[in-house]
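Colleague: Got a predicted model here, sequence first, then my questions.
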Amino acid sequence: MTGEQQVLGPWPRGRWAWVAGFGVAALVVLTVMDLGQHYDVPLGAVLALSLARGLGLALAWPQPRAGLVVSLLVTAITAAVTTPVSADEPWPWAVTAVFGYSFVLAITGARAIGRRELVGWWAVGQVVGVVAALLSPDRARWPGLLTAAVLTAIAVVVADLLRSRAETSRRLVEQEGISKAERAERARLQERARIARELHDVVAHHLSVVVVRADSAPHRLQDLPDDVQQEFAAIAEDARSSLTEMRRVLRLLRDQPLEQPPIGELGPQPGLEQLDELVASTRRAGADVQLESAIPDGLDPAVELTAYRVIQEALSNAVRHAPEAAIRVKVRRSGGDLAIRVWNSPGTAEATPGSGHGLVGMRERVALVDGVVSTGATPEGGYLVEVALPVGEVVASGDQGAGGR
């Protein structure tokens, strides 16, 4: 892997912080012993060079490039101010200089810099040693230069291996996260498929039975009044509409494309133009519904569909939870919003309990178009649903049956 690596932190954490601190202190002590015993150099210089070498190693974590620069400078200065006490001592690379620079290369290469840059710093170190040997051949020990080159090259290889291992671990963690997300998505799709099967096998079946019974009732039952026959026909039509809507939901749950609906379900999604039909079907169910609407033209189809579904759910809730209550629906333009207001008086008959999913679904629908929902009981004991759907600038506005219809 090449390129800049992310620094993992200013200093190791936990027990590794103690290990790093011990390593820096050990390098300082060993450098004092190495320079004091094997080289002709004043004691003050020994202490200063030892502390500087420890600083280079300490900088390898928070400032890796600064640590490399300091280590090379200390090596060069050490070569300039020291003279081996015997021909057996390495020069210009002292033993502690080789190990100190090797550790800095390994740490910075594993944590912060890329392979090419790491090899470049290794080459710079060899150049420093060769130049020092050429400038002072009487003190130079060429075998020592070769040893330094090999040891620092090993540090480069170790750094590359550590970096590759860390990168592999990081990728494994990422892959595990992806796999976890895929498993969650698979579970979600399986649950959707299960829900679709339940809807198809149970609810759709019962609705189909309702359609068949409502259509056949005038033929099975003799001498039915005309209004009763019309009521059966309306029930059958509402059940067919419900089946159509359910089939749309099933295609969504099964990720089937809505742009290719089955034959017989090519009707468009409902909008505010179908609002009168919705109110009329609710009235046929025995509800007292009054509609006041001033609907502007040129609305986004998604906004129209959301508005229709909100009113549909609000009417359904009112009929279910407040039977025989008076229901009022008002739709109008208010600034940059389409304002929807549905409220009902207290019901006089026994209410049917609900699951609470209707309001949740309403809020989810409205949120998809960046709208706002407000629901709650009225002081008179009824219930109020208010929705504001952003519409921005519309083409034109026109009343579509304003007034209590």
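Modeller: Great, that's in hand. Just so we're clear, the structure is a prediction, and the values are computed from it rather than from any experiment.
Colleague: quick one, helices of the stretch 201-350 of the chain?
Modeller: 204-220, 226-253, 275-284, 301-321 (DSSP state H, counting those that start in this stretch).
Colleague: right, and these - which one's nearest residue 146?
Modeller: Closest to residue 146 of these, according to CB to CB: helix 226-253, at 71.9 Å. (Glycine included, C-beta is placed from N, CA and C.)
Colleague: Between helix 275-284 and that closest one, find me the angle.
Modeller: Helix 226-253 runs at 120 degrees relative to helix 275-284, counting by axes from the mean of the first three to the mean of the last three CA atoms, to 10 degrees.
Colleague: still on that earlier bit, least reliable of the helices of the stretch 201-350 of the chain going by mean pLDDT?
Modeller: Ranked by mean pLDDT, those end with helix 204-220 at the bottom, a mean of 76.
Colleague: what helices or strands is that one leaning on?
Modeller: Judged by 3 or more CB pairs under 8 Å, 6 or more residues apart in numbering; DSSP states H and E, the packing partners of helix 204-220 are helix 226-253.
Colleague: What residues sit buried inside the helix it packs on?
Modeller: By 16 or more other CB atoms under 10 Å, the buried positions in helix 226-253 come out as 231-232, 235-236, 238-240, 243, 246-248, 250-251, 253.
Colleague: number of nearby residues for residue 13?
Modeller: By other CB atoms under 10 Å, 10 other residues sit near residue 13.
Colleague: What of residue 297?
Modeller: 11.
Colleague: switch to numbering from 6
Modeller: I'll keep to 6 as the first residue from here, and by that count the last item is residue 302.
Colleague: partner residues bridging it?
Modeller: residue 401 (DSSP bridges).
Colleague: Residue 393 touches residue 376, doesn't it?
Modeller: Yes. Using CB atoms under 8 Å, residue 393 is in contact with residue 376, at 5.9 Å.
Colleague: For the residue nearest the centre of the chain, give me its contacts.
Modeller: Computing the C-alpha centroid of the chain and ranking residues by CA atoms, centre = their mean puts residue 186 first, at 10.5 Å. Residues near residue 186 by CB atoms under 8 Å, 6 or more residues apart in numbering: none.
Colleague: average pLDDT across the helix or strand hosting it?
Modeller: In the assignment (DSSP states H and E), residue 186 maps to helix 147-203. For helix 147-203, mean pLDDT rounds to 85.
Colleague: Tell me what angle that helix forms with helix 231-258.
Modeller: Going by the same axes, to 10 degrees, helix 147-203 makes 170 degrees with helix 231-258.
Colleague: about what we covered before: now the helices of the stretch 206-355 of the chain as JSON lines including distance to residue 147?
Modeller: Formatted as JSON lines, the helices of the stretch 206-355 of the chain follow (distance: least, CB to CB, whole Å):
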{"stretch": "helix 209-225", "distance to residue 147": "90"}
{"stretch": "helix 231-258", "distance to residue 147": "78"}
{"stretch": "helix 280-289", "distance to residue 147": "96"}
{"stretch": "helix 306-326", "distance to residue 147": "80"}
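Colleague: ok now do the nearest residue to residue 124 once chain neighbours are set aside, which residues does it touch?
Modeller: Using CB to CB, 6 or more residues apart in numbering and skipping residues adjacent in sequence, the residue nearest residue 124 is residue 161, 6.3 Å away. Counting by CB under 8 Å, 6+ apart, residue 161 makes contact with 110-111, 114, 123-124, 127.
Colleague: Now, the residues you listed that are in helices?
Modeller: 110-111, 114, 123-124, 127 (DSSP state H).
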